[in-house]
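> got a predicted structure here, sequence first:
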Amino acid sequence: MLMELFNTFGSVFWLWQKMGVNSNRVEDFSSQETTLRITTESIVPGMEIHNVCLPPKKTTLQKLKQRLGEIFFPDDPLYRFKNQTWCKKLLLGLQFLFPIFQWGPEYSLRLLRSDIISGLTIASLAIPQGISYAKLANLPPIVGLYSSFVPPLIYSILGSSRHLGVGPVSIASLVMGSMLSETVSPHDEPILYLKLAFTATFFAGLFQASLGFLRLGFVIDFLSKATLVGFMAGAAVIVSLQQLKGLLGIVHFTTKMQFIPVISSVFNHRDEWSWQTIVVGVSFLVFLLTSRHISMKRPKLFWVSAAAPLTSVILSTILVLCFKLKTHKISIIGYLPKGLNPPSANMLSFSGPDLALAIKTGIVTGILSLTEGIAVGRTFAALKNYQVDGNKEMMAIGLMNMAGSCSSCYVTTGSFSRSAVNYNAGAQTAVSNIIMATAVLVTLLFLMPLFYYTPNVILGAIIVTAVIGLIDYQAAYRLWKVDKLDFLACMCSFFGVLFISVPSGLGIAVGVSVFKILLHVTRPNTLIMGNIRGTNVYQCLGRYKETSRVPSFLILAIESPIYFANSTYLQERILRWIREEEDWIKANNEGTLKCVILDMTAVTAIDTSGIDLVCELRKMLEKRSFKLVLANPVGSVMEKLHQSKTLDSFGLNGIYLTVGEAVADISALWKSQP
């Protein structure tokens with residue numbers, strides 16, 4: 001009897017409290033106070049009902065400033081200038097623009113010794129690579145050496161990475177060669193081809209520097225890791241197949257880059273195969289692959305792989321020179337001019353019918369080289385626990401390519417192979433790039449005649465050895481295990497490069513990545529939640545076995561912003577959840593569904609279409625005698641719901657801080673009703 005009296009008194013007291021709160025809540029909404037009081041305390045023991053607050057008021061200009069700051073300046077690059085004197089600000093400004101002023105004053109002979117060793121080591125790799133990659137881009141071999149001299153000097157002043165080895169890279173060389181040669185023949189029109197290559201390099205640098213200056217580095221994020229894995233693997237296969245011309249001694253070879261034409265050309269010209277070339281090529285290819293394997297197995301022997309290309313060039317040149325009468329069928333590089341980089345600013349062409357081709361080639365190669373350079377720089381920076389500024393790297397790489405285009409260089413960036421050798425050789429600062437450039441300068445001035453008898457087959461073997469590491473089958477397997485859509489993007493990129501073309505393969509890869517983004521945006525994840533028994537925690541029913549449905553409640557979580565792109569889908573999906581829940585209740589003879597709770601913890605933003613969705617959903621559920629409740633909307637979402645007057649229509653118990661508080665408070669309200 002006493003218990004019944006106590007319960008009755010408790011219910012009356014609770015209703016009296018609710019009536020008191022109701023008048024306060026209407027007052028709060030009408031006066032648009034910062035805090036919206038939803039309710040006070042629940043009669044459920046141990047459960048307190050908290051307030052749901054609006055974020056602090058900000059003007060439109062303040063919001064715009066904050067938003068633009070988050071987009072373009074997430075790292076707050078000017079924080080170091082705060083509360084500093086003008087002299088200190090000037091010094092910090094120089095260090096910010098030219099990182100050499102940051103580490104230069106602390107430079108020592110001990111660091112110089114390490115940088116000299118690493119610089120000379122990567123020079124032994126850079127010289128044969130420069131000649132080989134220029135050949136890959138259908139450019140004169142000397143251009144590859146020019147590209148290993150000027151750009152590293154500029155990067156050493158502007159770049160923020162201590163270990164990045166700068167020079168030509170296989171992917172950018174391949175893409176430039178394939179895109180330009182589709183329109184202009186490097187053999188029939190060599191001068192025009194060279195002009196387009198320099199012009200494309202200028203636009204690549206302009207595009208890269210613009211991204212850095214405008215802090216638009218997020219543009220390159222559209223090239224996901226999955227698409228790059230497939231793209232680089234496909235490009236590596238195409239590059240390797242292209243080298244069959246040199247490895248087999250074929251004279252007449254297809255200019256196309258696709259898999260089928262290349263293989264057809266190899267077998268259609270069997271009569272041109274040279275056994276001398278095959279023997280030399282296979283022998284040195286085995287030597288290079290073996291040295292690479294040794295260095296991979298034993299990182300301390302990195303110098304074996306680093307010295308192998310130059311050793312192959314020297315040995316093969318001596319071999320051809322000694323047996324030149326018997327090796328006349330082996331093609332050689334021939335004459336290479338001595339001297340510094342000749343100016344090429346007069347060769348830049350900003351008009352004519354081929355300008356569009358140069359711009360397109362520059363943008364594509366610029367994106368690829370920028371992606372590789374920043375990824376490599378950040379990789380080695382993480383190993384040594386220092387930071388690389390992505391935007392400054394873009395500007396450094398862009399400016400060095402713009403300067404390179406005026407000094408007979410083509411697209412350069414941070415090379416993974418050179419950087420790995422540089423890192424393992426003990427490089428301490430960007431001075432290692434200066435040492436490498438000095439070694440290349442000595443080669444350009446005095447050693448060029450020594451390359452006259454270097455066989456082209458060696459260049460092909462060096463290229464195959466370099467690009468074979470781009471085929472990362474383990475990464476592809478991980479993609480298959482973790483994310484099938486990423487694996488699909490990888491395979492589309494791979495087969496697009498292999499069977500269509502290199503630019504088309506890259507376009508397909510970007511298209512699949514964008515499709516994946518749209519899929520996630522337009523079809524966000526929604527799930528049904530239940531209560532973990534004995535707690536106030538609510539989690540996904542399908543994920544936790546100990547969760548159970550709450551009678552009369554359907555609790556749904558939306559794990560995405562609510563935009564115009566997904567509002568229609570969310571409405572249809574929520575109504576489907578309600579229909580399925582009613583079917584489950586009917587099949588299991590449970591009580592009736594009365595309330596739908598939307599957990600908005602993961603809804604980070606909402607637009608007007610999303611607000612309309614919430615309003616329409618509330619009206620539709622009211623017609624079916626269901627109550628719609630919102631739980632834990634974040635600050636920006638809460639602010640927009642309040643400004644649109646949407647919260648006014650939710651009544652007294654329409655919004656709560658947590659799902660647990662919503663269930664407890666609404667259940668108590670139902671129990672108090674007769």
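Looks like it arrived, so ask away.
> domains of the protein?
Here the domain parsing of the chain from the TED database is 109-335+356-446+460-516, 525-672.
> next, the distance between the ends of the longest one.
End-to-end distance for domain 109-335+356-446+460-516: 52 Å, by Cα to Cα, to the nearest Å.
> quick one: average pLDDT of that domain?
Mean pLDDT, domain 109-335+356-446+460-516: 85.
> related to what we said a few turns ago, take the domains of the chain and write them to CSV, including distance to Met347 and mean neighbour count.
For the C-beta atoms, the positions are set from N, CA and C on the backbone; glycine is no exception. CSV is the format used below for those (distance: least, Cβ to Cβ, whole Å; neighbours: other Cβ atoms under 10 Å):
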stretch, distance to Met347, mean neighbour count
domain 109-335+356-446+460-516, 5, 21
domain 525-672, 47, 17
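> now the ones you listed in a markdown table, with distance to Leu90?
As requested, the domains of the chain are exported to a markdown table (distance: least, Cβ to Cβ, whole Å):
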| stretch | distance to Leu90 |
| --- | --- |
| domain 109-335+356-446+460-516 | 18 |
| domain 525-672 | 39 |
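> closest one to Tyr452 among these?
domain 109-335+356-446+460-516 (6.3 Å; Cβ to Cβ).
> tell me where the stretch 51-200 of the chain has strands.
52-53, 165-167 (DSSP state E, counting those that start in this stretch).
> turn those into a markdown table, columns for distance to Leu319.
Converted to a markdown table, the strands of the stretch 51-200 of the chain look like this (distance: least, Cβ to Cβ, whole Å):
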| stretch | distance to Leu319 |
| --- | --- |
| strand 52-53 | 80 |
| strand 165-167 | 27 |
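> any idea which of those gets closest to Leu570?
strand 52-53 (21.4 Å).
> give the rounded mean pLDDT of that closest one.
70.
> how about the helices in the stretch 251-400 of the chain?
According to DSSP state H, counting those that start in this stretch, the stretch 251-400 of the chain carries its helices in the segments 259-268, 275-297, 302-322, 355-383, 390-405.
> pipe the ones you listed into a markdown table and attach distance to Cys540 per row.
Formatted as a markdown table, those follow (distance: least, Cβ to Cβ, whole Å):
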| stretch | distance to Cys540 |
| --- | --- |
| helix 259-268 | 45 |
| helix 275-297 | 43 |
| helix 302-322 | 48 |
| helix 355-383 | 34 |
| helix 390-405 | 36 |
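> ok, now how distant is Val596 from Glu616?
According to Cβ to Cβ, to the nearest Å, Val596 and Glu616 sit 14 Å apart.
> cool, Cys595 as well?
18 Å.
> OK, contacts around Ile154?
396, 399-400, 403-404 (Cβ atoms under 8 Å, 6 or more residues apart in numbering).
> can I assume Ile585 is in contact with Lys594?
No: shown here, Ile585 and Lys594 do not form a contact pair, counting by Cβ atoms under 8 Å, at 10.8 Å.
> right, and Gln129 touches Ile462 too?
Yes: Gln129 lies in contact with Ile462 (Cβ under 8 Å); the separation is 6.7 Å.
> any residues in contact with both of the two?
Pro309.
> need the contact list for Leu217.
No, residue 217 isn't Leu; it's Gly. Here Gly217 is in contact with 211, 374, 390-391, 394 (Cβ under 8 Å, 6+ apart).
> wait, Val440 touches Ser148, no?
Yes: the pair Val440 and Ser148 qualifies as a contact (Cβ under 8 Å) at a distance of 4.8 Å.
> what sits in contact with each of these two?
Joint contacts of Val440 and Ser148 (Cβ under 8 Å, 6+ apart) are 126-127, 130.
> nearest to Val364, of the residues you listed?
Of those, the one sitting nearest to Val364 (Cβ to Cβ) turns out to be Gly130, at 21.4 Å.
> ok, the closest one to Lys645 distance?
67 Å.
> do Ser224 as well
In terms of Cβ to Cβ, Ser224 sits 41 Å off from Lys645.
> ok, Thr429 next?
61 Å.
> just to revisit the earlier point, which of the contacts of Ile154 lies closest to Asn341?
Gly404 (8.6 Å).
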